[in-house]
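the following comprises the amino acid sequence and a computationally predicted model.
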Amino acid sequence: MEDTPQKTCRYCGKSLPEEAIFCYYCRRELVTRPERPTTEPKPIKLQTWVAVGLVVILSVVVAYLLLS
Ligand SMILES: [Zn+2]
């Protein structure tokens, strides 16, 4: 018989396979998710890049018109 790694449910104390992500007995999640920092920087939205691009294009057009 293979000696499969076991872990113990921290809620009900039953032994479970190491790869179990939730307890088969009390149905609680066993995986510990890392806490997300509340000050997580938000990814820059596409609209922001579009707006930046428009501003750049407008600046180039205005500069071209002024210099010509
Ligand atoms: Zn359990």
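Arrived safely, thanks for sending.

is it true that Gln6 touches Ser15?
Yes: counting by Cβ atoms under 8 Å, Gln6 touches Ser15, with 4.8 Å between them. For every residue, glycine as well, the C-beta is placed using N, CA and C.

anything in contact with each of those two?
Taking Cβ atoms under 8 Å, 6 or more residues apart in numbering as the criterion, Gln6 and Ser15 do not both touch any residue.

and the residue nearest in space to the middle of the chain, which of the three is it?
The residue lying closest to the centre of the chain (Cα atoms, centre = their mean) is Arg36, at 8.5 Å. Local secondary structure at Arg36 is given as coil here, using DSSP: H, G, I helix; E, B strand; the rest coil.

state the distance from it to Tyr11.
Using Cβ to Cβ, to the nearest Å, Arg36 is found at 23 Å from Tyr11.

cool, and Val62?
65 Å.

which one's more surrounded, the two?
The residue with more neighbours, out of Val62 and Tyr11, is Tyr11; 13 against 10, by other Cβ atoms under 10 Å.

leaving out the residues flanking it, which one is nearest to that one?
Arg28 (4.8 Å; Cβ to Cβ, 6 or more residues apart in numbering).

for this structure, which segments are assigned as strands?
Taking DSSP state E, the strands of the chain run over residues 6-8, 15-17.
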